[in-house]
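In: Coordinates for the following, if possible.
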Amino acid sequence: MSQERATSHDASTTRLPEPMEDKALSWPWRRLLHYEALESTQRHGAQMLAMGRDVKGLVYWAERQTRGQGRFGHTWVSNAGGLYVTAALPYALALPPAETGWLALAAALACAEILQEQLAVEASIKWPNDVLVEGRKVAGFLGEIKHPARPAEGADPAEKTPASAVLIGMGLNWLNGIRVAAETGGFSAASLDEFRPGLELAGRGPFLLAWLARLARWHNTLVGEPRAGLATLQEAIEARLWRKGETVTLQNTEKGAVAGTFLGLGQDAAARLRTADGAELQLHCGWQTASA
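Out: Numbers count the residues shown, from 1 in each chain. A predicted model of the protein is given here:
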């Protein structure tokens, strides 16, 4: 039976979309729920949690998104042919809330590694949450901690409230028609078939399973010895960090537009820049522009 069917307390108020596929996944993941269309896989996972569902280890995949979700509340229509997924991490979060910027970066790293291993495509990670191939955006990521709603008035006090969940969203351009430029930053966007002619839709399934396995592995490094695991994760991300050591411009940061040498990442996944006057800054929000 699908994990999405409404329970007795919410069936009268919420009509849930039915997945066209519902199958078990290998540990530590639980199930893959594959839909023809969702408003947003990220929003759907958050909705399930708010309704009291245990979403940990569940993966939501939609062929289309009518209102895909990104950073800063950006939304868009995601056309058929891409890979649009939200994975609810199967483990408890081992990072302090101030360091959750690593979530999207770890997901981007897993994607870049599998692109190289499965498709022989060299990819870079653009801070804070994108994957580029030959300077063109092919994927974006979103990492969020979501909390369940409080138990409804009159609910059985013996019924446990699910724990908070970490939702990792990925939008990967596979064979989908895309815009000429990425929504922000002026980056040209591309689909993977531009770099690997003959790419088939059927390849998305094996890619997704490999990405999930790698994502779980990287997240598992943060369980038990999070500081040591974080150092390993940071080193792997920085090895693929786009324009590290070069002059970059970050827009819409907490200090406005900032230009400087991109030194790498801080402990909390901030971008470290050295400005022309020698000051070293750590910036926690914003995005890189295409030019210095």
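
In: got the contact list for residue 35?
Out: Counting by C-beta atoms under 8 Å, 6 or more residues apart in numbering, residue 35 makes contact with 17, 19, 20, 60, 61, 62, 63. Where you see a C-beta, it was placed from the backbone N, CA and C, and this is true even at glycine.

In: Pull up the gap between it and residue 16, please.
Out: Taking C-beta to C-beta, to the nearest Å as the measure, residue 35 falls 10 Å from residue 16.

In: which of the contacts of residue 35 tops the neighbour count?
Out: Of all the contacts of residue 35, the most densely surrounded is residue 60 (28 neighbours; neighbours counted as other C-beta atoms under 10 Å).

In: Could you report the pLDDT at that one?
Out: If you check residue 60, the pLDDT there is 98.

In: before we move on, what about residue 2?
Out: Per-residue pLDDT puts residue 2 at 49.

In: Kindly report the same for residue 85.
Out: The model's pLDDT for residue 85 equals 97.

In: isn't it right up against residue 208?
Out: Yes. Using C-beta atoms under 8 Å, residue 85 is in contact with residue 208, at 6.4 Å.

In: overlap in contacts of these two?
Out: Common neighbours of residue 85 and residue 208, using C-beta under 8 Å, 6+ apart, are 59, 61.

In: Is residue 199 in contact with residue 173, as I believe?
Out: No. Here residue 199 does not reach residue 173: they are 10.8 Å apart, not a contact under C-beta under 8 Å.

In: which element follows the helix or strand encompassing residue 118 toward the C-terminus?
Out: If you go by DSSP states H and E, residue 118 is part of helix 101-119. Using DSSP H and E, the next helix or strand after helix 101-119 towards the C-terminus is strand 124-126.

In: List the contacts of that next one.
Out: Residues outside strand 124-126 that contact it (C-beta under 8 Å, 6+ apart): 105, 108-109, 112, 131-133, 137, 187, 237, 240-243, 288.

In: Weed out the non-buried ones from those residues.
Out: Buried residues within the contacts of strand 124-126, counting neighbours by 16 or more other C-beta atoms under 10 Å: 105, 108-109, 112, 131-133, 137, 187, 237, 240-243, 288.

In: Much appreciated, bye for now.
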